[in-house]
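> sequence and predicted model, in that order:
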Amino acid sequence: MRMLVLGAGLQGSACAYDLLQNAEVTEVRLCDLHVQHVADFLAPYSGERLIPTVLDVRDRDGVSALMRESDAVMSAIPYYFNLDLATHAAEAGVHFCDLGGNTEIVFAQKKLDGRARERGVTIVPDCGLAPGMVNILAQHGIDQMDSVDDVRIFVGGLPQNPEPPLNYQIVYSLEGVLDYYTTVSWVIRDGKRAQVAALSEAEPVQFDAPVGELEAFHTAGGLSTMASRYEGKIRTMEYKTLRYPGHARIMEAIRDLGLLELEPVDVKGVKVAPRDVAVAAMAPRLTKPGGRDLVVLRVTVKGKKNGQPKTVGWELIDHYDEERGISAMMRATGYSLSITGQMQARGEIQPPGVHTPDECVPPAKYIAELRKRGVEISEIA
């Protein structure tokens, strides 16, 4: 299999590493604007099966040419490129998956379904951790019920050694995090889709030691299209982000003071976006080189089976990979993208068309693939 990975950042590098662990993958082309130096854990493969390639994803001809040489394409770049990339993939007749994170773009990608079916390929947006893994698990629970009352998803990337005031470290794009903190979240309540404010309705959630008590609050994007898909079919469905207690209140104050706004303001005669200043000021303080992280996840589904109440659920607590220097967030997100792309290349995701992971990824096989990589999702009562 010849695989194309777009984006050589944290998640793209983890995706490439995972692909290279499969002997059936003969070539991984890792593309970015700047790929002079690949991550340390990729260095042994560079120049052999790994081919770092300078590419601007806005170069349609260049992207399409590389796509036509590949069995599957995995996008680990910002969501706003994914509609164009999915379009190119459908035209090139190649399988495509991405990390997604923006539901409106996913709905736009859905409109490519006819072309993807004509070309006999699958396009699967939202294939990371959240959205991605959590949606596959939620669907796995839904499939075990005759009727579903309640779906709750909790997930977060956290530092193992939190430092005040935010008790947080950057585990993926800070810009992406702030998008989720400032965009309304879709939920299902009383069977109807509804919007709730990001950072709202914080509640305590308990995990076994050493994690302990966390707080969960609404953020955007995690449910992806599931809120629309299950409106009128499920009474309650919600997604919340996990952080250490007190985080939401601080970020809510920062947001409400206007410091996360995208609209430029005048500062001594210069127009600047408050969000740009916030990112520039916060990023150095929240970047912890070598900082160990963990990913915490819990998905529960409640309903009825054969007329009797039934609850199923899954939990994950994954830690930084000390041996390889790969973060827990990279494992959960980048490996998830890789697994999906490999399933597509092997023809294990059917039928052709555009599908979100909850609609097409076989959950038992997906969980088994994660377990092979040491990402242990455990079933809870």
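Nice, I can see it.
> got a list of what the nearest residue to residue 361 once chain neighbours are set aside touches?
Spatially, and ignoring its direct neighbours in sequence, residue 361 is nearest to residue 136 (5.2 Å; C-beta to C-beta, 6 or more residues apart in numbering). Every C-beta, even on glycine, is put in place using the N, C-alpha and C of the backbone. The contact partners of residue 136, taken as C-beta atoms under 8 Å, 6 or more residues apart in numbering, are 357-358, 361, 363, 366.
> wait, a helix at residue 136?
Yes - under DSSP: H, G, I helix; E, B strand; the rest coil, residue 136 sits within a helix.
> SS state for residue 285?
Under three-state DSSP, residue 285 falls in the helix class.
> show me this structure divided up by domain.
Recorded structural domains for the chain (assignment: automatic domain parsing) are 2-128+329-376, 133-328.
> so what's the gap between the last one and the chain middle?
Going back to what we said before, that points to domain 133-328. Computed by C-alpha atoms, centre = their mean, to the nearest Å, the separation of domain 133-328 from the middle of its chain amounts to 11 Å.
> helices along the protein, start to end?
For the chain, the helices defined by DSSP state H cover 10-20, 60-68, 82-92, 103-110, 113-119, 133-142, 174-182, 226-229, 247-256, 274-286, 328-345, 357-360, 363-372.
> a markdown table please, covering those helices and showing distance to residue 380.
Below are those laid out as a markdown table (distance: least, C-beta to C-beta, whole Å):
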| stretch | distance to residue 380 |
| --- | --- |
| helix 10-20 | 26 |
| helix 60-68 | 41 |
| helix 82-92 | 33 |
| helix 103-110 | 28 |
| helix 113-119 | 35 |
| helix 133-142 | 11 |
| helix 174-182 | 26 |
| helix 226-229 | 20 |
| helix 247-256 | 24 |
| helix 274-286 | 31 |
| helix 328-345 | 18 |
| helix 357-360 | 19 |
| helix 363-372 | 13 |
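> worst average pLDDT in the ones you listed?
Note on those: helix 174-182 shows the lowest mean pLDDT, a mean of 92.
> in that one, what counts as buried?
174, 176-182 (16 or more other C-beta atoms under 10 Å).
> again, but for stretch 222-233
Quick answer for stretch 222-233 (16+ other C-beta under 10 Å): 222-227, 229-230.
> now do stretch 23-43
25, 27-32, 35, 38-39, 41-42.
> and which of these is nearest to residue 262?
residue 32 (25.1 Å; C-beta to C-beta).
> shouldn't the closest one be in contact with residue 11?
No - judged on C-beta atoms under 8 Å, residue 32 makes no contact with residue 11 at a distance of 11.8 Å.
> please enumerate the shared neighbours of those two.
With C-beta under 8 Å, 6+ apart, residue 32 and residue 11 have no common neighbours.
> and residue 48, how far is that from residue 334?
20 Å (C-beta to C-beta, to the nearest Å).
> sorry, back to before: residue 307 is nearest to which of the helices of the chain?
helix 133-142 (17.5 Å).
> by how many degrees do that closest one and helix 328-345 diverge?
60 degrees (axes from the mean of the first three to the mean of the last three C-alpha atoms, to 10 degrees).
> could you number the chain from 45 rather than 1 from now on?
Okay, residue one is now 45; in that scheme the one you just asked about reads as helix 177-186.
> buried residues, helix 177-186. List them.
For helix 177-186, a neighbour-count test (16+ other C-beta under 10 Å) marks 177-186 as buried.
> returning to what we had before: can I get the buried residues of stretch 266-277 in CSV including distance to residue 161?
Output for the buried residues of stretch 266-277, formatted as CSV (distance: C-beta to C-beta, whole Å):
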residue, distance to residue 161
266, 28
267, 25
268, 21
269, 18
270, 22
271, 25
273, 19
274, 24
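> pick the one among these closest to residue 159.
Closest to residue 159, out of all of the buried residues of stretch 266-277 and judged by C-beta to C-beta, is residue 269, at 18.8 Å.
> that older thread, out of residue 92 and residue 378, which sits in the busier spot?
Ranked by neighbour count (other C-beta atoms under 10 Å), residue 92 and residue 378 place residue 378 first, with 31 against 10.
> quick one: that one from residue 365, how far?
According to C-beta to C-beta, residue 378 stands 11 Å off from residue 365.
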